[in-house]
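**Q** this is a predicted model, with the sequence first.
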Amino acid sequence: MGGARKVRGGEHYPDGWEMTRPPDWGHNRNAGLGPKQNPEINKAIIIYLLPPLHPLMDGMRSSFDSEDPQSEVIDDAHSQDASTSDLSGSNVVGVIYGDVGTVSFKCSVTAPLEKSEYVQVPHGQSGMVLGQVDQIERKTNLSLERAQRMAEGEDMSIEERVSAVISILGFRDGRGLLQVPGTPFKAGSPVLRAEDKLIRNVIGINENERTGAYIGMLSGHNIKIQLDINSMVQKHVSVLAKTGGGKSYMTGVILEELMKHEVTVLVVDPHGEYNSMRDAGSRVDGAEKFNVTPHGYGSKIREFSPDTKINSQAKPLKFTLANMEAKDLLELTNIKNGRKELTSLKKAIEALRAGRDSYTLSDLMKVLEADEDGSNALIQELEYLNSIEIFADRGTKMSELVVKGKTTILNLRGTPPDIQSLIVNRIATALFELRKINEIPPMLMVVEEAHNYCPQQGVTDSSKIMRTVASEGRKFGLGLIIITQRAAKVDKNVLSQCNTQVILKVTNPNDIKAIVASVEGLSSGMADEIQRLPIGVAIVSGGGVSNPLFVQIRPRETRHGGESVKVIDD
């Protein structure tokens, strides 16, 4: 799209202009721009001079003007491989120019085109090939000096051209394998707006209601995007976004799909955001496009919490003190390298076990107080643990936490961070060991605020088991979904094991760098777009999809529990 426009200095570019074409596209290639039927518009004259058309495009008059359905496309270089019916039915958006490679090429833009939009190009040997707009820019001859003169009121003629860089995604060969052409495209070849059928075929977008988790639509297209649930369990998932970027909302969409498919799930919920999924959400504008209606999943959800005073709907989550060894109990305290305390604790536990099957922390503290070598620091730490009330004579059994086809929410709202890490450590370890011997069904563990449980710097009680689940869990059918607002603060050994990524808006440079390092196939254009993503749009990679995609996330069926608290009502 290019040409010249004359603009009167000091006046704004007027509204109401639209592209018009001459009576015969094929014989008069100087297309003009004219005002809509608006008598008030008389401030500027804009003229676009389109570049000479390729012979293929000259024959595409049926796409624009011709009423003859038998119009043919003739070109010596491509006529044998490119389907004339495909070409005549497509929309031309540009022409290849300059040096042409097999990975990317430059395109002179002749019709409206946006960054990240899909295009298709005929290739002599490979047929129709899919590409994507990686960069787009408008080149003009308006210098700083001339712009200043224009601001002072002088009329100025501006010449401009729009060009784009197209990344080649490829085509499917006779075996259905994704390939890229082995030879460059021909300069002067037309670039066409991609058809949905080609996008589906090349990218590998398949709809499978049995194993697909429907998360939204391909941005700009009426194409459903589904994540393969088996791939999610086998290859792990990460949901990454800045604070307020929609990560909890997105996770809710995924959980809805998992509950529909009766996948066994355990959610580590540090803020109590996901118990709202019992309730149906409200209708939102545009939900019809996604074919989504409000629905609650109360019958699918089980909730446990260490603090049932704050989380009254939850069942109590307790641990059996008699099943814990001295080393495990000492790890719950702030005492580090406490050899003396460990010895005292072992003696006290052995003394209690000799006379009874169960005991409490109060019993343990009484034995330590009677011991002359007892540590006051250890007793104080045990008093703190006793006040949290996470131990009981009979703890919560794993068979209660994990029920086939149900989603269990561990609501840790109100629980101190150090105790949260302990709980995640104990439960994740139990899940991993029980899956190894097939005592529980294949399942997914969803960990919200994952940077708190497997940090890149420092160590928590749950760091080791999180790395183990990430690296070995897939072998035993224990999948992992990590959600975080700080990708750079998550253990890179955990993040790198997530082969399915859902990336929403991220602005921190360190987080963007960590994301780019962990995502395969992310183009430079997509990496730049991460910090400019609108709310509700995500870049999705993996999960049965061969290329990263821009996806418009579907509305939630359930009530969203992660909304920000308002200080002042509207």
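**A** Cool, the structure landed.
**Q** kindly list the longest strand within the chain.
**A** Scanning the chain for the strand with the most residues, using DSSP state E, yields strand 156-172.
**Q** let me see the mean pLDDT of the host helix or strand of Ile379.
**A** Secondary-structure element containing Ile379, defined by DSSP states H and E: helix 376-388. The pLDDT scores in helix 376-388 average 88.
**Q** now it: how far from the chain's centre is it?
**A** How far helix 376-388 lies from its chain's middle: 43 Å, per CA atoms, centre = their mean, to the nearest Å.
**Q** also stretch 432-441?
**A** Taking mean C-alpha positions (CA atoms, centre = their mean), stretch 432-441 and its chain are 29 Å apart.
**Q** with only the CA atoms kept, save the longest strand of the chain in CSV.
**A** Provided in CSV are the C-alpha atoms of strand 156-172 (Å, rounded to 0.1, in the frame of the first residue of the first chain):
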residue,chain,number,x,y,z
MET,A,156,3.4,19.3,2.0
SER,A,157,3.3,16.3,-0.3
ILE,A,158,4.1,13.0,1.5
GLU,A,159,5.2,9.9,-0.3
GLU,A,160,4.8,6.7,1.6
ARG,A,161,4.9,2.9,1.2
VAL,A,162,3.9,0.1,3.6
SER,A,163,6.1,-3.0,3.8
ALA,A,164,6.0,-6.1,6.0
VAL,A,165,8.4,-8.9,6.9
ILE,A,166,6.7,-12.3,6.6
SER,A,167,8.0,-15.3,8.6
ILE,A,168,7.4,-18.6,6.7
LEU,A,169,5.6,-21.2,8.8
GLY,A,170,5.5,-23.9,6.2
PHE,A,171,3.2,-26.5,4.5
ARG,A,172,2.2,-30.1,5.1
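**Q** quick revisit: so how far is whichever helix or strand comes after the helix holding Ile379 from its chain's centroid?
**A** Once the chain leaves helix 376-388, the next helix or strand it forms, by DSSP H and E, is strand 391-392. Its chain's C-alpha centre and that of strand 391-392 lie 39 Å apart, by CA atoms, centre = their mean.
**Q** strand 391-392 pairs with which strands, parallel or anti?
**A** strand 319-320 (parallel) (DSSP bridges).
**Q** quick one: the strand it pairs with to chain centroid distance?
**A** 37 Å.
**Q** over to stretch 177-187?
**A** Between the mean C-alpha point of stretch 177-187 and the mean C-alpha point of its chain there is a distance of 29 Å (CA atoms, centre = their mean).
**Q** buried residues in it?
**A** Judged by neighbour count (16 or more other CB atoms under 10 Å), stretch 177-187 contains these buried residues: Leu178, Pro181, Pro184, Phe185, Lys186. Where you see a C-beta, it was placed from the backbone N, CA and C, and this is true even at glycine.
**Q** can I assume the fourth one is in contact with His123?
**A** Okay, so that is Phe185. Yes. At 5.9 Å, Phe185 counts as touching His123 under the criterion of CB atoms under 8 Å.
**Q** quick check: neighbours shared by the two?
**A** The overlap between the contact sets of Phe185 and His123 (CB atoms under 8 Å, 6 or more residues apart in numbering) consists of Val129.
**Q** just to revisit the earlier point, and which of the buried residues of stretch 177-187 is nearest Ala487?
**A** When the buried residues of stretch 177-187 are compared for distance to Ala487 (CB to CB), Leu178 comes out closest, at 27.7 Å.
**Q** give the contact list for that closest one.
**A** Contact partners of Leu178, counting by CB under 8 Å, 6+ apart, are Gly170, Phe171, Arg172, Val202, Gly204, Ser546.
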